[in-house]
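Undergrad: model this:
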Amino acid sequence: MSTKMRALVLENYNSDFTDRQIDKPSPKAGEVLVKIIASGINPIDNKIRTENAPYATPVLPAVLGTDLAGIVEEVGENVTNFKVGDEVYGLAGGVLGLQGTLAEYTAVDADLLAIKPKNLTMREAAAVPLNILTAWEGLVDRFTIKKGDKVLVHGGTGGVGHMAVQLAKILGAEVFSTVSPSKIAAVETLGAKGIDYTTSEVENYVAEFTNGKGFDVIYDTVGGATLDNSFKAVRHYGHISSCAAFGTHNLAIGSLRSANLHSVFVLRPMLSGEGRKHHGEVLKQVTQYIEDGKLKPIVDSRKFTLDNALEAHIAVSDGSANTKIVVDIF
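TA: This is a model prediction of the structure:
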């Protein structure tokens, strides 16, 4: 068996990858060796490549890539929940010192993984982890959605957004979503009432859909002015979760509504080690939702491989992606 593997190595920021043969890793205690079949590409991957994510940037040279779907090839000591041959998926690497998924193999902390849904292809499964874990942290971990709650998702056809819409529906909410006019039909097929953000004033859609009271829960995937609008749209004592709260904001309006603001940073468990087991447990529940037909990822139809992975990185940032970009490894 070869001790080498193919990997894309980033040697300089803001540059293309170098296609190299590097040492295949061996799993340590608590890890499994995964043969990567598909790697999900997220905006954070390109931010890391372009040195725009200092909180997650690895020391170069490094292998990037955060999501994976693949097959367990070797099991390290003290791992009891996986065996050789298991098909798995997870948010597994590509930050700081963790090897990423633009490679043929990786040794992964078993706590970060779950068994892949049987009714998804490897491509589809690789599109799930970061998006659903980000949605879950903002809609489940911080508070409890009650049946009939009115939930507003900003950007409901994006990677995180389309998962947040479906998850809120699973939790029993009445879901609304601000999107561009061309995406209203798409978000409504996911189960949300589409709101054209280009023509609808906040006060108007709050009046129309909540009788002026405001939404019980708002999930912001956009940031900037959209997060500012969320403070105007939330009900008194309501909840706002944002995975894009990186700017400077005036919290006065939200404070006067006694609203709760929850910041979501899904990379924290990988970076700190804290909460990794929770990620695996969430994905285990998500597998059940997917196999029950309650949740489905949307994958961009374009085909990318290790030969043109830079194009995949560009595609997640140039506005052309149809929800989630995936790179086929094998």
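Undergrad: mind listing what whichever strand in the chain runs longest pairs with, with the direction of each?
TA: Ordering each strand of the chain by length in residues (DSSP state E) puts strand 31-41 first. Here strand 31-41 is paired, per DSSP bridges, with strand 67-75 (antiparallel), strand 105-109 (antiparallel), strand 325-328 (antiparallel).
Undergrad: starting at the chain centroid, how far to it?
TA: For strand 31-41, the separation from the chain centroid amounts to 16 Å (computed by C-alpha atoms, centre = their mean, to the nearest Å).
Undergrad: closest to Leu167 out of the strands paired with strand 31-41?
TA: strand 67-75 (17.2 Å; C-beta to C-beta). Glycine gets a C-beta too; all of them are placed from N, C-alpha and C.
Undergrad: partner residues bridging Leu8?
TA: Here Leu8, judged by DSSP bridges, has bridge partners Asp19.
Undergrad: centre-most residue in this protein?
TA: Asn131 (2.1 Å; C-alpha atoms, centre = their mean).
Undergrad: test my guess that that residue contacts Gly159.
TA: Yes. Asn131 lies in contact with Gly159 (C-beta atoms under 8 Å); the separation is 4.5 Å.
Undergrad: and Val165, that one's in a helix?
TA: Yes. Looking at Val165 with DSSP: H, G, I helix; E, B strand; the rest coil, it is inside a helix.
Undergrad: my guess is it meets Gly156, correct?
TA: Yes. Counting by C-beta under 8 Å, Val165 touches Gly156, with 4.6 Å between them.
Undergrad: mind listing what Leu10 touches?
TA: For Leu10, the contacting residues are Phe17, Thr18, Arg49, Leu60, Pro61, Ala62, Val63, Leu64, by C-beta atoms under 8 Å, 6 or more residues apart in numbering.
Undergrad: the fourth one: which element?
TA: Here Leu60 is covered by no helix or strand, with elements defined by DSSP states H and E.
Undergrad: tell me how many other residues crowd it.
TA: As a burial measure, Leu60 scores 12 neighbours (other C-beta atoms under 10 Å).
Undergrad: against Lys183, how distant is it?
TA: 37 Å (C-beta to C-beta, to the nearest Å).
Undergrad: I'd say Ile71 and Val88 touch.
TA: Yes. The pair formed by Ile71 and Val88 meets the contact definition of C-beta under 8 Å, at 7.5 Å.
Undergrad: compare the two (neighbour count), which wins?
TA: Between Ile71 and Val88, counted using other C-beta under 10 Å, Val88 has the larger neighbour count: 24 against 17.
Undergrad: okay, the more buried one and Ala114: tell me how far apart.
TA: 7 Å.
Undergrad: Val206 now?
TA: Taking C-beta to C-beta, one finds Val206 at 38 Å from Ala114.
Undergrad: quick one: which of the two has more around it?
TA: Applying other C-beta under 10 Å to Val206 and Ala114 shows that Ala114 carries more neighbours, namely 26 against 21.
Undergrad: can you confirm the more buried one is in a helix?
TA: No. Read with three-state DSSP, Ala114 is strand and lies in no helix.
Undergrad: show me what it bridges to in the sheet.
TA: Tyr89.
Undergrad: from Gly90, how far off is it?
TA: For Ala114 relative to Gly90 (C-beta to C-beta), the value is 6 Å.
Undergrad: so where's the stretch 101-250 of the chain shaky on pLDDT?
TA: Low-confidence segments of the stretch 101-250 of the chain (pLDDT under 70): none present.
Undergrad: please repeat the previous calculation with a cut-off of 90.
TA: Across the stretch 101-250 of the chain, the ranges flagged by pLDDT under 90 are 245-248, 250.
Undergrad: what are the boundaries of the helices in it?
TA: 122-126, 129-136, 159-170, 184-189, 202-210, 225-233 (DSSP state H, counting those that start in this stretch).
Undergrad: so which of those is nearest Val217?
TA: helix 159-170 (7.5 Å).
Undergrad: could I get that closest one in CSV with only the CA atoms?
TA: Extracted in CSV, the C-alpha atoms of helix 159-170 (Å, rounded to 0.1, in the frame of the first residue of the first chain):
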residue,chain,number,x,y,z
GLY,A,159,-25.6,27.4,1.6
VAL,A,160,-26.5,28.0,5.3
GLY,A,161,-29.8,29.7,4.4
HIS,A,162,-31.4,26.8,2.6
MET,A,163,-30.5,24.5,5.5
ALA,A,164,-31.9,27.0,8.0
VAL,A,165,-35.2,27.2,6.2
GLN,A,166,-35.6,23.5,6.1
LEU,A,167,-34.5,23.0,9.7
ALA,A,168,-36.9,25.7,11.0
LYS,A,169,-39.7,23.9,9.1
ILE,A,170,-38.7,20.6,10.8
